[in-house]
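**Q** dropping a prediction and its sequence here:
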Amino acid sequence: MIDLDDHPVVLEVRNLSKRFPVGGMFGKQQVHALNDVSFSIRVGEVVALVGESGSGKSTTARLIARLMQPSSGEILFKGKNMLKVEPRGASLGYRNRVQMIFQDPFSSLNPVHTIGHHIARPLLLHHKVQRRRDREGRINELLAKVGLNPPADFASKFPYQLSGGQRQRIAIARALAVDPEIILADEPISMLDVSIRIGVLNLLAQLKKDYGIGYLYITHDIASARYIGDKTMVMYAGHIVEGAESSELMEHPSHPYTQLLLSAVPNPHSLDQPTRLETRGEIPSLIDPPPGCPFAARCPHVKPICREVMPSTTMLSADHWVRCHLYGSDNSAAQPAA
């Protein structure tokens with residue numbers, strides 16, 4: 001793994017939270033979709049965000065993309081709090097630098113327009129090219145970059161004429177058109193055939209290498225997070241409960257929820273497959289969340305304090321932290337985070 005600690009931070013979120021009113025804008029009850037989420041992404045770094053459906057992963061990406069307004073917190077791009085610099089919405093300058101790839105490659109493309117139109121649109125909106133000759137050349141260059149050759153043939157096609165993997169490559173080319181520094185990849189391979197997923201992951205990794213792009217890679221598949229992620233964070237019920245370098249987290253999972261996720265991943269290199277941990281209980285209500293750890297009702301190691309007090313962040317090593325009452329002041333090897 002390449003040491004990225006000396007790379008500058010491009011994007012940082014601090015204590016990001018999101019509440020959705022129930023029963024309309026003036027509803028008294030609220031869904032606690034995201035709770036005090038904090039992390040950063042450096043130049044050329046892939047940060048994977050893993051969790052089950054409904055945990056808040058896509059909400060995190062949409063808040064960073066400025067498709068929704070957070071209830072509280074900060075979104076810093078190169079040190080500037082964009083919620084204060086641009087309080088009413090993101091400017092073209094921010095959208096130039098932070099792009100998003102959606103889960104469904106077909107619904108993200110207009111079926112009545114050609115592929116060339118989809119790639120040309122961001123080039124024109126963000127004033128990346130002026131002359132038509134330059135525009136066509138840039139379209140072909142982008143299509144070739146994402147592995148769609150011959151590019152002129154693909155530029156004249158419509159989305160329905162392409163496979164799912166080819167459509168996702170179009171979405172990547174469209175994001176790449178504006179020279180982003182951060183790409184928010186929201187489950188970019190979950191709707192693709194297993195046989196072509198690795199090709200899309202390798203493409204994202206190659207673009208990272210060529211352009212120094214940082215990624216927030218969102219997935220429910222912890223195996224793909226290990227494959228592409230430099231760091232992995234685990235999210236449950238709107239909280240990030242553990243984070244570390246990907247290899248460290250996979251080899252030494254500390255939070256019981258992380259252990260549960262990893263127990264469900266087959267290991268083809270081991271004949272002695274560990275027994276899959278059994279789940280119990282239910283996901284807590286996000287409308288009226290109980291106090292304490294959100295995983296308490298399902299945790300096999302639950303203690304009385306877990307149901308009453310939300311655990312603080314404990315550093316297990318320089319790059320590995322966890323929010324769990326199994327660690328902390330009672331564990332001499334761990335020290336609470338500052």
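**A** Right, received. Where do you want to start? Source: prediction; values computed, not measured. Numbers count the residues shown, from 1 in each chain.

**Q** show me where the stretch 101-250 of the chain has strands.
**A** 182-186, 214-219, 231-236, 239-245 (DSSP state E, counting those that start in this stretch).

**Q** of these, which is nearest residue 75?
**A** strand 182-186 (11.0 Å; C-beta to C-beta). C-beta here means a position set from N, CA and C on the backbone, and glycine is covered the same way.

**Q** what packs against that closest one?
**A** helix 57-64, strand 98-101, strand 214-219 (3 or more C-beta pairs under 8 Å, 6 or more residues apart in numbering; DSSP states H and E).

**Q** can you name the residues in contact with it?
**A** Residues from elsewhere that reach strand 182-186, judged by C-beta atoms under 8 Å, 6 or more residues apart in numbering: 10-11, 41, 57-58, 61, 64-65, 97-103, 175, 204, 213-218.

**Q** can you rerun that using 6 Å?
**A** Residues outside strand 182-186 that contact it (C-beta atoms under 6 Å, 6 or more residues apart in numbering): 10-11, 58, 61, 64-65, 98-103, 175, 213-218.

**Q** do stretch 8-18 as well
**A** With C-beta under 6 Å, 6+ apart, stretch 8-18 has contacts from 33-38, 40-43, 59, 70-77, 181-182, 214.

**Q** for the helices and strands packed on strand 182-186, which one sits closest to residue 255?
**A** helix 57-64 (16.2 Å).

**Q** ok, then the element right after the closest one?
**A** The first helix or strand that comes after helix 57-64 along the chain, using DSSP states H and E, is strand 72-77.

**Q** show me what that following strand is packed against.
**A** strand 9-21 (3 or more C-beta pairs under 6 Å, 6 or more residues apart in numbering; DSSP states H and E).

**Q** parallel or antiparallel, which strands does the strand it packs on pair with?
**A** Using DSSP bridges, strand 9-21 pairs in its sheet with strand 30-42 (antiparallel), strand 72-77 (antiparallel).

**Q** could you export it as CSV, CA atoms only?
**A** Extracted in CSV, the C-alpha atoms of strand 9-21 (Å, rounded to 0.1, in the frame of the first residue of the first chain):
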residue,chain,number,x,y,z
VAL,A,9,-6.1,16.6,2.2
VAL,A,10,-8.5,17.7,-0.6
LEU,A,11,-11.9,17.0,1.0
GLU,A,12,-12.8,16.9,4.7
VAL,A,13,-16.2,16.5,6.4
ARG,A,14,-16.6,17.3,10.1
ASN,A,15,-19.6,16.2,12.2
LEU,A,16,-21.9,15.9,9.2
SER,A,17,-25.5,15.1,10.2
LYS,A,18,-28.8,14.9,8.3
ARG,A,19,-32.3,14.8,9.6
PHE,A,20,-35.4,14.2,7.4
PRO,A,21,-38.7,15.4,8.7
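
**Q** chain center to it, what's the gap?
**A** Counting by C-alpha atoms, centre = their mean, to the nearest Å, strand 9-21 is centred 13 Å from the centre of its parent chain.

**Q** so it versus strand 214-219, what angle?
**A** Taking axes from the mean of the first three to the mean of the last three C-alpha atoms, to 10 degrees, strand 9-21 and strand 214-219 form an angle of 40 degrees between their directions.

**Q** got the phi and psi for residue 71?
**A** Backbone dihedrals for residue 71, given as degrees, to the nearest 10, come out at phi -80, psi -30.

**Q** could you tell me which of the contacts of stretch 8-18 count as buried?
**A** By neighbour count, with 16 or more other C-beta atoms under 10 Å, the contacts of stretch 8-18 hold 33-35, 37, 41-43, 59, 70-71, 73-77, 181-182, 214 as buried.

**Q** buried sites along stretch 85-98?
**A** By 16+ other C-beta under 10 Å, the buried positions in stretch 85-98 come out as 86, 90, 94-98.
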